[in-house]
Structure formats: C-alpha cells, structure tokens
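Colleague: Need a 3D model of the following:
(chains A, B and C)
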Amino acid sequence: MKNLLTMSALTVHEIYEILHDAQQFAEGMKWQPSAQQFVANLFFEPSTRTRFSFEAAERRLGFEVLNFDAASSSTQKGETLYDTVRTLESIGANVAVIRHEADDYFDELVGRVGIPIINAGSGSGHHPTQSLLDLLTIQQEFGTFEGLRVAISGDIRHSRVAHSNAEALSRLGAEVIYTAPIHWRDNSGDYVEMDEAVKSADVMMLLRIQHERHADGMNMTKEDYHNQYGLTVEREKLMKQRSIIMHPAPFNRNVEIADELVECERSRIFKQMTNGVYVRMAVIKRALQQTSGGMTNEAINQACHII
Amino acid sequence: MKNLLTMSALTVHEIYEILHDAQQFAEGMKWQPSAQQFVANLFFEPSTRTRFSFEAAERRLGFEVLNFDAASSSTQKGETLYDTVRTLESIGANVAVIRHEADDYFDELVGRVGIPIINAGSGSGHHPTQSLLDLLTIQQEFGTFEGLRVAISGDIRHSRVAHSNAEALSRLGAEVIYTAPIHWRDNSGDYVEMDEAVKSADVMMLLRIQHERHADGMNMTKEDYHNQYGLTVEREKLMKQRSIIMHPAPFNRNVEIADELVECERSRIFKQMTNGVYVRMAVIKRALQQTSGGMTNEAINQACHII
Amino acid sequence: MKNLLTMSALTVHEIYEILHDAQQFAEGMKWQPSAQQFVANLFFEPSTRTRFSFEAAERRLGFEVLNFDAASSSTQKGETLYDTVRTLESIGANVAVIRHEADDYFDELVGRVGIPIINAGSGSGHHPTQSLLDLLTIQQEFGTFEGLRVAISGDIRHSRVAHSNAEALSRLGAEVIYTAPIHWRDNSGDYVEMDEAVKSADVMMLLRIQHERHADGMNMTKEDYHNQYGLTVEREKLMKQRSIIMHPAPFNRNVEIADELVECERSRIFKQMTNGVYVRMAVIKRALQQTSGGMTNEAINQACHII
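Modeller: Below is the predicted model of the structure:
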C-alpha cells in the first residue's frame, strides 16, 4: 500500500518509475486487479478535469467507482474526514482519491486508515498527479529533463504547486526560471522578464490566473495582464523552434494565453489532459500493488480497558 | 462519426434507418463496441428521464459512462462549452451527449471537436431523440405514417419541439393538425377545436404545460385549462377505436390529461419512455459506427507562426 | 418480487433467511443475476453510508446502478414519486432502492409498480436494512438472540427505528432495556439508569444525538450529555467481559461515545458498516429471486372507456 500525497515525498527513482508505467499505459499496456476492486472518489471541491481524469483512469483499469459528492453527504452532519474515509473503507473501498480544501487534510488519515490515499489536490498546497502529468509531457517531448530550461509564468508567490513542480524539475536536472508581475514574485528563484523567458525557455509553463482570488490584488484589466505578462500571438513568435507551451487548465483565453495559441502546434495543453489519465492509472496501480506495510483494521483498533 | 443535432438535418432515409435499428434493439438485438468506450453525459439542465434513458441505453451497449454534473464543474470558473467538451475528449470520451439551455449550443462544437455530439435537448429548440421515440411509438402502432392524422395539443407557439415533430411527421406522410388556446397558436398549420381533434385523430399528442414559464401568460386555473383544452375522461370517450394517447412527460395529472387516463389502455406514455432507450441505443450506435470524416486532434490544431 | 419496506412485515423465518444469505455473502458466496440488470437508487435525503453501502452491494452483485439525485431531477417540476418510479421502471430499472423524507412514502407505490421496492430509510419511520445489519452483527457475535440483553440508549421517544429494532429483537428472543434522559423516554419498555444498563447489557446499542432536531429540547451541553448519558471511558470499564458496543453512525465523538472507544476492541461500529453491504446484497437478491406475484405493466393498465 503506497499513498501519494506530495511530490516532495517521492524519490527521483519513484518519479521515474511512475513515469515509466504511465508511458507504458500510453502505449497500450493492460493491467487490471485480479478481482473486483472499488475506488472511492471524494471530491470536496468542484473539479471537472481532475475528477473525470481519475474516473477515466479507474474505469480503464477495471475498477468499480464510488463517486462521493460532498454536498449530499453526512459530512454536512459534522462527520470528520477520518470517519468518512473509514466508513468507505468499511463498505469495501480499496483506494481513496481525495480532493480537499485543506492543505494538509491527509495528516489525519496517514497511518490510521487501511487503504491507500491518493491526493487529487489539497487547497493551494499539493497536486502531485498534476505535477506528474506535466513531467510525463515534458519527458515525451524531450526524452530527458537534463539541461532543459522551464519557465513558469504567473502567480508564483501564491502557488505552492508551482513550487513543488519546480522542486521536482530541479531534482530531475532541469533549470527553472520564473516570470511574474512584481506582486506575485517571491524569493524562490531567478525572475526574468516575460520576453526573456519566452525567448530562452524549452517549456513555457503558464499558470492559471485565479480571478476569484485576485480580484483586488491586481490593479490591472485582463487586457493589460495579457499584454504585459500573457503569452500573446507576438510573443509566441519569439519562442525557440522546438519549445512547447503548457498550462494545467482550465485556462483563461486571452488572459494567460492568446485564444489562437491554445491549440496551436506547440501547445501541449490537451495532450497534458490525455497524459493525466495515464499518470493516474500508474499511480493507482502503484497504490495497490505494494500492500505490505498497510495497516489492517485489527491493527487500528485500540484496546479497551477490560476485555 | 455522425452527430445528431436536429431532426431537420436528418433525411427521411436516415430517420427510417434509426427507427429500424431502434426496433431491432426493442426486439433484443445485441450490439457492443469492440473495445472499451466512454460516453460523457453533459447535462446543464435538470432532467430525470432523458438522462437516465441515455444512461440506460449506454450501459446496455456496454459503454463506460461519465456523468458530468454542471453544478460541480469548472464551467463555474467560466470555461467555455467548447473547452469542456475538448477536455472530455482529451481524457478519453468517445461520444458526448449534451443537454444545454442555449438553443444552438452545438454551433460552437460542430467541426471543431473530434467526437460525435448527440443533442439531448437544447433550450426550447431541439430534442431529436424525443422526436424519434415518438416516431418509433407511432410506427410500432400503425406500421406506417402514411395517411395518419396526428393532433398536437398545447403551447404550439412556444414549442419548437412540436414544430420539428410536425415537420418530420409531414415528411413521413402523416397529416398534422393542432389544437391550442388562442394565445398559444401561431401560423404553423391548421387549428381545430379540442373536441374536433379528439374525434378525428389517430394520435393525440399532448404537450406539457410549463407552469413555470406560463404563470402570468394564462389567466386560467388548472381546472379551467383541463376542462377546455385537456384530455378529460369525457373527451377520451370521443376518440376513435384504435387511436392512441402520447405525452413526452413529465405530465401534469388533471391538467393536460385526466389522472385516470395516464395509464389507460390507449395511453402509450410509459411505452414512449421504454422506446426512448431503444432509440438512444440506435443513435449512439450510429454516432460511432461511421467514423470516416471525423476530425482528428491533429487536424484541429492550428499552425503556430514558427515551427 | 418481494418488497422490503418495514421490519414488522417480515416474519421471524424471513428475518433468519435474510441473515443466512447475508452471512453467506460475508463468507464469500457469489450470486449474480443471469442477465444484465439495473438498480435505481432514489435518494431524496442526503446519506453517505447508506447510499454507498447499497451501491457497493449492487456492484458486487454485478448490477448496473442508476443514481437518482433528487436535487437535479424532474421532481422539482412537481412529478409524483409514483410517476418517477414508473418512469425508471419503464426505462429498464429492475429494482428501486428509495430513501425518502416521508414516513410512509411507499404506500403510493405498493401494488402499483412492477418492480420491487427496497426501503433505504423513510423519514423517522423505518430503516429495515439498518435493523437487519444490527441483527447480523449481534448474531455473528453471540450465535443466537435467545437470552441476550440489549440496551438501547438515546432518544427513544422520537426514534421509531429504535422501536422497530426492539420489536424485532423481542420476537427473536432477546430482552430489550432502555436508558434515556427523562424527556426522551416513552412507555415502550423498561428504563434503567445508564450505569445499570452498561453493567448488565450484552449489547450497548447507542443512538445518534440529532443535534439539528434537539437544539432547543435539551437544556444540556454536549459535555453534560456525555457525562450523564454517554458511553464514557469510565463507564466502558463497567461493561461485561464479552459485551459489545454498537452505533448506527454517523456518531458524535465525545457525545454519545467517547472518542477513544469508537474503535476499541469491543466496538463493532465499523463492522456494522461492513455487514450493511452483506445485508443489502441479501435483500437485493431476495427482491429479485421471487418474481411470481409481481404486477406486470399490462395488469396495471386500467381500461379506457372505449377500446
């Protein structure tokens, strides 16, 4: 049993193992559990692409899928996340895929439940399967991470996902540079101007502008942002010959990226989504294959005073 | 790959082909795709019977079903319908079944996405699988459309579904007459009194009174409507011997139709629902069988400036 | 075709039959319908554990599952429950599992629809699969009901589930005693002090405190309730050697039961959840196996005046 909670908890070797399996799935590998197995998807926040991506991955692996809708659940009655997960475990779930608004929701689960937890996004904190699908997309393109220059553009300061992506890329041998409006910079690395990033990067990794969170922070119209920090039609012309465009989506057309570029030849945005399914297949396979070390229900039970 | 968007886009030959396949399914025909396939159901408006009918059809054909709940999706974040459908395509959907409040939502999809679109209802505009299940029910009853008189009763003026039904019936050789309160008439055909319609029709096709849209328009109680324009117990006694009653449902008991008549012998209301599953099986089979002419992702990609 | 609506409608023989099948499923028995079958889950009230428990049971039996979400359905348009169930029957549902806020919602369905109804909870009235999973858990523990003392603790007065549990236990040969704050007592049996109950019971069956319904009724903090009427760490020490703790969940930690006791060795709370799946498998199997006596659609149709 292996949880997948954060990128930083994975060794470089483990990252390559997951990418290898994901690529195998991309090339048609078949793998199914030997008997009927259940996955519970617990999404406490809305998400189109992550939930469907996981569900598609689960179905391709032949799993039964239980889709937990937080809005219609007993968590409204004040049940803890731990009790909800233990409930799903008790009724037969073999894996739990969880998206939750709390950054470290999994702290109350690790070591206390008997099934693996796969983190499908935690607050503004961690989103390891998103990072892994980004890595798979880059690996498919360039065959290696060594010597690549990856430019991350957007709200670096508030994006812990950008940070964990950057950390993983550095460990794998890539160079990461940043470009952002002054208010969204921090001291995590080298900042360059957008034009400079566009000219030198092998990968332009654009972040989503979270309008809902930045309404007041930015004194800027969407048009201004696009012109100063977005990937405009003009800037794309500055990109190196084989460099690619990435975005985790959903994207804001004509804000982070010009409408015309979303599906242009060097865009890998929809390819990333396809890769997301393969990465999630690999992560679910990994979660279930190594079950030694998993806690059993018996081990969880505490002793009462008198028995 | 064949979309199903509107009745008027189907030739008479195509209509008969769909009805033929639907009847084959009604009689037990088996057909399944050769490998695992996914259908995405995107319902942006509430619907019990249409969604479950599609889902039952999809499961009978052995498809994996992804149920997109508009309320918990990224469309809340302002994503376009096109981007949502392309996302579902990217994660592996082979068909998209869409119900949407905009009459012509599919205009932004046709020719731009790589999977067939099946229209499960668009605003007050088109609902082709509803029309097809009506046609199947009539064909099963009478063996032909030639020479049949079909009376449509209700809010003709605001019902484009009534219009597309009528248009299809006319093309197939049936005669269509209308009966409606004065405010709900238009110039689309011959209007007769309700009693006259009831006496002469082979098929009494009742429309649903949309209370929510007509609260102010009609200065009439439900009882008044029922007595003047509904199918009352008394009026049913005037119907011809082999004539049948149809209604797309959900119906308002004792408004459009007397409570006692909903499941009487000449009612085909629940039969229509059963037929809906067979028609949708036929339409999905059709969507997938002919894939030549489908766009590929590569074809969709536009060229960037420099590659 | 056999409905499951209330415990009181089951004979002792029928109860034992269901428990027998459930135990067989717990021990790995396989049973699947001979052809593809559909279950419709109609949940008009939120429920995590009951809905997922039914869904897990249905999937283990190989059923196709249609999950009806009341919030996004045509019942918003005023459709009756009867019409909704007949609709689902018409599109191919073979069983309907229903949770509804009305105590006797099934009265309008029984004898009028052609598929079996399984009651998944009706208002504050009946919840037979919950009772059956409680019985299975007790039977697994003690092998018999004869001579057991079962103490039910909590809001007896407003809990018709407690009453139907007690009635079934009595018929099976167990003795039932009650313990409750004075305002929650009624004349249904013997009331004892909590300490007395804890000392003498073989089964401590705790009820959930429904905060939302009792906000004003109880002039008592959660701490006060826990100390006076809850199963505290101290009280657990008074329990007999082999006695067990049960709770239907969701539970309020440190209200009905001390946090530390929820998963202690004598707690069967999560075991109950696991048993719920087996009981529901047995109940669904029972619903479908005996179909003689089921009404057919033809039988339901009333005669019109003239045919």
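Colleague: Pull out the buried positions in the top helix by length along chain A.
Modeller: Identified as the longest helix of chain A according to DSSP state H is helix A:269-289. Within helix A:269-289, the residues that qualify as buried are A:269-288, counting by 16 or more other C-beta atoms under 10 Å in any protein chain shown. Heads up, the C-betas are built off the backbone N, CA and C, glycines and all.
Colleague: Show me the strands in chain A, by range?
Modeller: With DSSP state E as the criterion, chain A has strands at A:38-43, A:64-69, A:95-100, A:117-122, A:149-153, A:175-179, A:203-206, A:244-246.
Colleague: Check which helices and strands the last one is in contact with.
Modeller: Applying 3 or more C-beta pairs under 8 Å, 6 or more residues apart in numbering or on different chains; DSSP states H and E, one finds that strand A:244-246 contacts helix A:128-142, strand A:203-206, helix A:269-289.
Colleague: now what about it, what contacts it?
Modeller: A:134, A:137-138, A:141, A:202-206, A:231, A:236, A:239, A:257, A:261, A:264, A:266-269, A:272 (C-beta atoms under 8 Å, 6 or more residues apart in numbering or on different chains).
Colleague: now, which of the residues you listed lie close to chain B?
Modeller: With C-beta under 8 Å from any C-beta of the partner chain as the criterion, the contacts of strand A:244-246 include A:236, A:239, A:261, A:264, A:266-267 near chain B.
Colleague: Pick the one among those residues closest to chain B.
Modeller: A:Cys264 (3.9 Å; C-beta to the nearest C-beta).
Colleague: Stretch A:11-27 vs chain B: in contact?
Modeller: No - taking C-beta under 8 Å from any C-beta as the criterion, stretch A:11-27 and chain B are apart, separated by no less than 11.5 Å.
Colleague: Pull that stretch out as CSV, backbone CA atoms only.
Modeller: C-alpha atoms of stretch A:11-27 as CSV (Å, rounded to 0.1, in the frame of the first residue of the first chain):
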residue,chain,number,x,y,z
THR,A,11,12.4,10.0,-4.6
VAL,A,12,13.7,10.6,-8.1
HIS,A,13,13.7,6.9,-8.6
GLU,A,14,10.0,6.7,-7.7
ILE,A,15,9.1,9.5,-10.0
TYR,A,16,10.8,7.7,-12.9
GLU,A,17,9.0,4.5,-12.0
ILE,A,18,5.6,6.3,-12.2
LEU,A,19,6.5,8.0,-15.4
HIS,A,20,7.6,4.7,-16.9
ASP,A,21,4.4,3.0,-16.0
ALA,A,22,2.4,5.9,-17.3
GLN,A,23,4.2,5.8,-20.6
GLN,A,24,3.5,2.1,-20.8
PHE,A,25,-0.2,2.8,-20.3
ALA,A,26,0.0,5.5,-23.0
GLU,A,27,1.4,2.8,-25.3
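Colleague: Just the pLDDT at the residue most central in space within chain A, thanks.
Modeller: Nearest to the geometric centre of chain A sits A:Gln130, at 2.0 Å (C-alpha atoms, centre = their mean). Predicted confidence (pLDDT) for A:Gln130: 96.
Colleague: can you check A:Val110 too?
Modeller: 96.
Colleague: got it, and the one 10 residues further on?
Modeller: Looking at A:Ala120, its pLDDT reads 96.
Colleague: what's the neighbour count on A:Asn67?
Modeller: A count of nearby residues for A:Asn67, using other C-beta atoms under 10 Å in any protein chain shown, gives 18.
Colleague: Skipping adjacent residues, who's closest to it in space?
Modeller: Spatial nearest neighbour of A:Asn67, chain neighbours left out: A:Asn41 (5.1 Å); criterion: C-beta to C-beta, 6 or more residues apart in numbering or on different chains.
Colleague: Right, I'll call it a day here.
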